[in-house]
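In: Take this sequence and fold it.
(4 chains)
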Number of protein chains: 4
Amino acid sequence: MIDKEKIREVNAQRLKAHETEFLALQETLVQKGLSVDDLLHHIQDFQVAVPSWALGAGGTRFGRFSFGGEPRTLSEKIDDVGLIHRLTQSAGSISLHIPWDIPEDANETRARAESHGLAFDAVNSNTFQDQANQELSYKFGSLCHVDSAIRAQAIQHNQEVIDIGRSLGSKSLTVWLSDGSSFPGQLNLRRALERTLDSLKQIYAYMPSDWKLFIEYKPYEPNFYSTVIADWGTSHLLATECGDRAYTLVDLGHHLPNTNIEQIVSTLIWRGKLGGFHFNDSKYGDDDLTVGAIKPYQLFLIFNELVEGMTNSANSNPPIAWMIDASHNIKDPLEDLMQSLEAIRLAYAQALIVNQADLQRAQQHNDPTLCQEILQDAFRTDVRPLVREARRRSGGALHPIEAFRHLKIRHKLIAQRGLHAIASGL
Amino acid sequence: MIDKEKIREVNAQRLKAHETEFLALQETLVQKGLSVDDLLHHIQDFQVAVPSWALGAGGTRFGRFSFGGEPRTLSEKIDDVGLIHRLTQSAGSISLHIPWDIPEDANETRARAESHGLAFDAVNSNTFQDQANQELSYKFGSLCHVDSAIRAQAIQHNQEVIDIGRSLGSKSLTVWLSDGSSFPGQLNLRRALERTLDSLKQIYAYMPSDWKLFIEYKPYEPNFYSTVIADWGTSHLLATECGDRAYTLVDLGHHLPNTNIEQIVSTLIWRGKLGGFHFNDSKYGDDDLTVGAIKPYQLFLIFNELVEGMTNSANSNPPIAWMIDASHNIKDPLEDLMQSLEAIRLAYAQALIVNQADLQRAQQHNDPTLCQEILQDAFRTDVRPLVREARRRSGGALHPIEAFRHLKIRHKLIAQRGLHAIASGL
Amino acid sequence: MIDKEKIREVNAQRLKAHETEFLALQETLVQKGLSVDDLLHHIQDFQVAVPSWALGAGGTRFGRFSFGGEPRTLSEKIDDVGLIHRLTQSAGSISLHIPWDIPEDANETRARAESHGLAFDAVNSNTFQDQANQELSYKFGSLCHVDSAIRAQAIQHNQEVIDIGRSLGSKSLTVWLSDGSSFPGQLNLRRALERTLDSLKQIYAYMPSDWKLFIEYKPYEPNFYSTVIADWGTSHLLATECGDRAYTLVDLGHHLPNTNIEQIVSTLIWRGKLGGFHFNDSKYGDDDLTVGAIKPYQLFLIFNELVEGMTNSANSNPPIAWMIDASHNIKDPLEDLMQSLEAIRLAYAQALIVNQADLQRAQQHNDPTLCQEILQDAFRTDVRPLVREARRRSGGALHPIEAFRHLKIRHKLIAQRGLHAIASGL
Amino acid sequence: MIDKEKIREVNAQRLKAHETEFLALQETLVQKGLSVDDLLHHIQDFQVAVPSWALGAGGTRFGRFSFGGEPRTLSEKIDDVGLIHRLTQSAGSISLHIPWDIPEDANETRARAESHGLAFDAVNSNTFQDQANQELSYKFGSLCHVDSAIRAQAIQHNQEVIDIGRSLGSKSLTVWLSDGSSFPGQLNLRRALERTLDSLKQIYAYMPSDWKLFIEYKPYEPNFYSTVIADWGTSHLLATECGDRAYTLVDLGHHLPNTNIEQIVSTLIWRGKLGGFHFNDSKYGDDDLTVGAIKPYQLFLIFNELVEGMTNSANSNPPIAWMIDASHNIKDPLEDLMQSLEAIRLAYAQALIVNQADLQRAQQHNDPTLCQEILQDAFRTDVRPLVREARRRSGGALHPIEAFRHLKIRHKLIAQRGLHAIASGL
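Out: Residues are numbered from 1 along each chain as shown, chains lettered A, B, ... in the order given. All right, here's what the predicted structure looks like:
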């Protein structure tokens, strides 16, 4: 664990430059009629979960290049998230994946997380792979399977995941279903959907009354012709049929080319049905790149819908479960996550400073030129000092990646865990 | 109008060859346990509407190359559809577009259609263009507009379209809404959707109790950032909120790249919410090409879902309103429509001969190799003789385009209407 | 024409705020080791051509909503570009489209342009439409046509365009060829390409020895199956075969989904074959939206390749012809162009401040985390004060659109030209 | 090895039905003026290579479901291809992947292949993965790497692959390069391309004078921002720079959405630069599905270009190296390959019966309606009896998959090799 004092020391070298930049920005924002304190509080409060499978190197079907010092156990994974949280003060929870991360002793696991200031976010089930001792195979699906015994096994697995989640204090289950088909005709599409709904209802019924179910959608991969829950419309349909505590989960990479994702976000908030959010970025498919690495403006537009929608929508959408879901194929996983966390907070800060009153007026006058000027004024404002200040006030590092490198943390992890440690997961 | 005798004469030259081919196919189908008479009846009954705007040359924003002999009036448009129906026996109705085709005398118009054996299918409203004497502009939307006066005007227009439809015997209204935005921020996405729902409800309320409302969706064009009703999920949401007689309409060209359209079809039938269908084909966007010109296998897969779904779905989906919606930029519009009609019936016939029992068994055994063999066996069967026989039995031409050319119909139309006649519409 | 004094007056109200912002930015840049004067000179020198067809409202195949005060003549078009240039000091040339803008008196036209400080950039031919008195139709192509007489007509048209360009001082011809096919089989793809090369060679041969030929590519629209010059590879092949003064022209909107355009730019510069550049933005297809409205980060990445490539490439790529090519469907065309000009200069300025030495070092160390930090540091820097200062020093408006509105220029244009004036063009 | 007599026995049960169908088709084809014997010879001669890595179950980054009886050694892989060839008589060669399939004794390996009637097609190098004992890592590229030592290692690997290929009688090397970047800025795009060209030239120089180099292209995966050889234009540029015996290789799955692949094929044949072809099918990305499973009409259109181009192009394109490159994630790999082989021959047969003279005439008259009729007449003709007859005459099975199942070959392979055998490869 990094000492708070260490962070203060590292910050010291950059503090003066930061203060100059922050003061200049503060003045600009105040002139726009914004309360910088309010902004800072909002930014400080914005916490994103890190999934337990994101702490090692990811790969593609063509291979995987491992990274030194990967966490070998759940405890080490929690330590890694704690480390990121210490530096960034924005990764306040961890999202577990079962069966990759079954805690041996729930109390101990909880305690370890608490020592890092971490909570347990949504738990994730896995029916897209076969595990070593699994009785029936998910090769041809799980919740949608033609064979009721396989559906029962998959439902039971989800119920066990809920049990594990309860023991840790989680309050929601995320179901990402890879079920689908790779060839036309392989599946009766309608019946597969019917069976899936039936299975989801059984999982929903098992949840404690204060839990939420998040239903993820994805158009393709690992199936290449159809996926049972392929788009937000299908997820929303299933969530509506399941009940009030079932919601749609949006993963930024799970869309067909050119999809207007911010519009989907807006529609779901209107219905009060946006439950969870998986951040990443992509250029081609579900590339799972660092958040903000490819389309930072789209990320800002999405946050603009989120901020405006959560504030003004008549239907009350519950607080959204935020999570990073990226794959670290070539970057250091911890650095990659910190870049993502930074990009998220920057987009959020930009969305917070949009002049909503002016924007609404320009919309009222059908003045697209002015609407664009207003939005881009927020986007083009360099809000990095604001995000840094929020982090500093919470005790984090002004420049987390710099601090991470300066403190030689990766070296220490390698020394501790070895060069060829491999994290469980994909 | 083409004399029935003329068609018989033209057919005579090809009859013997046809009979040989048909008998061979008949034997193959009988060996598969199929009733050829049943197949022929189904094919004969499958009628597709032709829209009144499809009878002249279409164009792009870069220009339009007109075609000789285009119909100058609604009456001439009806004659053209009648002509196609005479040759193909598969275009038994016409779908009017208001205000391009307001009948001067409804009774006369009805009588003219009846003389060709044509009914009036869904009527279509137009709030994507401004008309010459229109009071308020749709430049920034219609049913979604921020200005309630413009929404009222658009609602009233739809009500007038319903009135016109009633006078002609139509039983449904298709709303294609181009409303949306071309720039981020231009529109509050959530509120625009809210206003649209409110407007649609007023239109729905105005409909006679035996009418249906078809809500079309489209991701982009003519707006290039967002479209209010962008996907099936949004259309389905709006239709569900409007009421039992509101349905989603699928246009094949209105999808993002790589969309699995047959899955959407399947889901909508499952919900009993597939109301209408617009046929065309495309490679890039809403290209509005001849049906079956680019992706004939996808068309077959869609028909496979339609045939199976309409037969077996627990929810009762009402009969679907079929229409061709293509743009004839370089082909003779009438020949183009006849190619489309043929492609539709071929795909339908292929879907009808799929061995559903075998397919279900192979699906039950998770045997994707066999599922593909079964589907492709139907697709690769040359069903053209079957479709020709169905047409012949109804009194149509064995080879409609050949007959059209042989009878020099385009020459006659040009002689009658002139080389530079231009059909009203786009 | 707007008085320089007027601009100074308008600027006065914003000057103090600007100076504060500029000084702060200047300090930041100096600390990074940059010469702000050099930056300002580069930015001031960056001039972009405005095409003569972009000054009126654009439209789609579904219609067009006209804008008041559109220029009715070539002279008025030149005036409009002059007006933009006066305000922005970055639109120093005009690109004519023949036959929409044939000057009646070349000397007079030249003089008018010079009075605005405008030069004549590349001239553009048009063989994608038929003109009123045209002998043979381009419905089925022009330079690729199966009929040699039509090819000859199209070649001759291009030669006339060169003649007109010479009379005005242009030094290059841009050929955008819509030739292609909408249906499989319609065209023998190989022979069409062969014929096109042959035609281009004849046009090339006609050019004066100090002229350049720019060959544009586009994957689809207005043809929807194949376009003869569909991608950069084909354009580059043709340009190479034509000769040293033939180049590829990149239009940002002319790519398939997800194309990495900056890589194409980089490859063409490597070969010394990037001749021209058409700016716009898009989300779906060739949407022709305001530059920077949808993907500002991609624009920056492209400029990063341009700046680095033009500086360091071993092959000497000639200076590139920059032009805006957008369609103003709902924004005021002049405001739209000014937003585009601003977005271009912002992206250019961001690219200029990339720390190339650090970036190269990080690339050398295969440190993608750091590479991203370096690039995004430039992108996230708010360079607006720098671009404004460059404009101010050239005598332009600090805030061109504000000035345009403040000076009620659109009102004056409407008063002068009428509410229903329509610019020639699409 | 399957006994020829066994195949004759299995065929016997289907022979009568086949003969009836074949005779009917023969008559149809003869009436069209085609020589059925010529067709049969062409089809019999069309042989496709099977890659050594395609004989086991494939997977995605999310996992892999293995298949029983996978070949454990190179010898068993050769046996599997031999088995497919025996049944289909269309898989006459094998394409090795190094280092997965290094022969221990080249003579023995050659002899084994010859005993199955198999030749060795192109050899494939692998620099997209790190091997167990590899000195330097390809994590950040190989032929494009910034570090010259890594480039040297990758060049040397390719040279060793050539040596192995020589020992087996191969005459070509296929280079698929995954080199690229996943983040903007990670790579200097221009210099990476320069270095790649330099490396390829060294590999080219090492090749024996009767060898060919095939340069494959792919837009993305496993890199998700840029790939050094991303499109045919880049591959063609590199091949041209390397020399006369360097060619472009087209893999059907390696294109951006909506690419017109047949046009690329046509252009490359025009330049005499189409060297190799990898068959598969896909809906979303590089899905590597069974050939013809998703877009059989596109496959036919590609073959139409191949047949016409190879016959008529002025430039002499050399014979093309055909290979299947699919991933068998859920189907039995051997059945999957046989479905692919069938789909390829069907598309080839359809292309062979296109009435080229009529098509050319219709193109000459700009008659897209008729062009489509002519093409689709060939496509809609059920040529399965023709392909079966060709196979029967060569001694193969009328229905290879049926025979494979009837003879219980998979059961025997499992009995012989075990249920959990895993093929080397991905």
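
In: for the closest residue to residue A:366 other than its chain neighbours, phi and psi?
Out: Once flanking residues are discounted, residue A:366 sits nearest to residue B:140: 4.2 Å by Cβ to Cβ, 6 or more residues apart in numbering or on different chains. Every C-beta, even on glycine, is put in place using the N, C-alpha and C of the backbone. Residue B:140 adopts backbone torsions of phi -110, psi 30, taken as degrees, to the nearest 10.

In: try the one 3 residues further on
Out: The phi and psi values for residue B:143, taken as degrees, to the nearest 10, are phi -70, psi -20.

In: For residue B:204, see how far away it is.
Out: Using Cβ to Cβ, to the nearest Å, residue B:143 is found at 12 Å from residue B:204.

In: Looking at the two, which has the bigger crowd around it?
Out: Counted by other Cβ atoms under 10 Å in any protein chain shown, residue B:143 and residue B:204 do not tie: residue B:143 has more neighbours, with 27 against 22.

In: now that one: how far from residue A:360?
Out: 20 Å.

In: what does the stretch 1-150 of chain A put close to chain D?
Out: A:58-63, A:65, A:128-130, A:137, A:139-140 (Cβ under 8 Å from any Cβ of the partner chain).

In: Look through chain A and tell me its longest helix.
Out: Identified as the longest helix of chain A according to DSSP state H is helix A:4-31.

In: Do you know the pLDDT at the residue in the stretch 201-350 of chain A that chain B sits nearest to?
Out: Closest residue of the stretch 201-350 of chain A to chain B, Cβ to the nearest Cβ: residue A:233 (2.3 Å). Listed pLDDT for residue A:233 reads 98.

In: Pretty sure it sits against residue B:231.
Out: Yes - using Cβ atoms under 8 Å, residue A:233 is in contact with residue B:231, at 6.4 Å.

In: end-to-end on stretch A:207-226?
Out: 29 Å (Cα to Cα, to the nearest Å).

In: actually stretch A:131-145, sorry about that
Out: Termini of stretch A:131-145 sit 17 Å apart (Cα to Cα).

In: Just the residues contacting that stretch, thanks.
Out: When contacts are defined by Cβ atoms under 8 Å, 6 or more residues apart in numbering or on different chains, stretch A:131-145 is touched by residues A:99, A:127-130, A:146-147, A:149-151, A:153-155, A:175, A:177, A:179-180, A:187, A:192-193, A:195-196, A:199-200, A:228, B:366, D:65, D:330.

In: What lies in contact with the lowest-mean-pLDDT helix or strand in chain A?
Out: Least confident helix or strand of chain A, by mean pLDDT, DSSP states H and E, is strand A:63-64 with a mean of 92. Strand A:63-64 is contacted from outside by A:57, A:58, A:329, D:128, D:129, D:130, D:222, D:426, using Cβ under 8 Å, 6+ apart.

In: of all the residues you listed, which two lie farthest apart?
Out: Taking Cβ to Cβ as the measure, the contacts of strand A:63-64 span a maximum distance of 17.4 Å, between A:57 and D:426.

In: between those two, which one's more packed in?
Out: Shown here are residue A:57 and residue D:426; by other Cβ under 10 Å, residue A:57 has more neighbours (23 against 20).

In: separation between the closest residue in space to that one that isn't next to it in sequence and residue D:162?
Out: Counting by Cβ to Cβ, 6+ apart, residue A:57 lies nearest to residue A:67, which is 4.2 Å off, once chain neighbours are set aside. Separation of residue A:67 from residue D:162 (Cβ to Cβ) stands at 33 Å.

In: more neighbours, those two?
Out: residue A:67 (27 against 22).

In: who touches that one in this structure?
Out: Contacts for residue A:67 (Cβ under 8 Å, 6+ apart) come out as A:56, A:57, A:328, A:332, A:333.

In: how close does the closest residue to chain C within the stretch 101-250 of chain A get to residue D:101?
Out: Nearest to chain C, among the residues of the stretch 101-250 of chain A, is residue A:219, at 13.8 Å (Cβ to the nearest Cβ). Going from residue A:219 to residue D:101 by Cβ to Cβ gives 35 Å.

In: ditto for residue A:124
Out: Counting by Cβ to Cβ - residue A:124 and residue D:101 are separated by 38 Å.
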